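Colleague: everything below, folded, please.
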Amino acid sequence: MFERFPRGGGWGDDEVMDDMDDAACSESRHISAWINRSATDVYHYAADPAHLPQWAAGLAQGELTKVADTWVAQSPMGEITIEFTPANDLGVLDHVVTLPSGEPVFNPLRVVPAGDQWCEIVFTLRRRPGMSDEDFAADARAVAADLAALKKILER
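Modeller: Sure, this is the predicted structure:
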């Protein structure tokens, strides 16, 4: 079902990971937001693909359509597909976005508990091969804006 998420305990698709070399793994940024809600509440809201257009404008614009085991969305980049990690009790919201070019991008996303009514949501942004400093910074700003929108929605 979720071919991009191996069942052996590791995360990431072998094909995606095999295509990565040292240059592709040269930089990551952890972008986070603290949310005054339980980790369970944040996880359940963020894990629902129907909510993505409300808080993840950098990823999805408008309604998502389920096609087999993936979701199809319109994004600022064009039509993309999104595969989500299976539901879990660990706060893992990893997903693979396949760009209009066909390039798969693995996106680690975690909801980390911090007491009963607080949590931190952490997105790991990885620089893709050939990505300019400007594009990497723009992606980081987009992710930060998406997490700020999620925080605003959930703290109402």
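Colleague: poorly predicted segments of this structure, please.
Modeller: 1-25 (pLDDT under 70).
Colleague: make it 90
Modeller: Confidence mapping of the chain against pLDDT under 90 gives the ranges 1-26, 50, 57-64, 68-69, 74-78.
Colleague: now the strands for it?
Modeller: With DSSP state E as the definition, the chain shows strands at residue ranges 28-35, 61-67, 70-75, 78-84, 95-98, 104-107, 109-113, 119-126.
Colleague: just want the most central residue of the protein.
Modeller: Asn107 (4.7 Å; CA atoms, centre = their mean).
Colleague: contact partners for that residue?
Modeller: Asn107 makes contact with Asp94, His95, Val96, Val97, Phe123, Thr124, Leu125, Arg126 under the criterion CB atoms under 8 Å, 6 or more residues apart in numbering. Where you see a C-beta, it was placed from the backbone N, CA and C, and this is true even at glycine.
Colleague: repeat for Phe136
Modeller: Residues near Phe136 by CB under 8 Å, 6+ apart: Glu27, Arg29, Leu125, Arg127.
Colleague: apart from its chain neighbours, what residue comes closest to the last one?
Modeller: Computed as CB to CB, 6 or more residues apart in numbering, the closest residue to Arg127 that is not its neighbour in sequence is Glu27, at 4.3 Å.
Colleague: for the third one, same thing?
Modeller: Nearest non-adjacent residue to Leu125, counting by CB to CB, 6+ apart: Arg29, 4.7 Å away.
Colleague: wait, the one you found touches Met131, no?
Modeller: No - between Arg29 and Met131 there is no contact under CB atoms under 8 Å: 11.9 Å.
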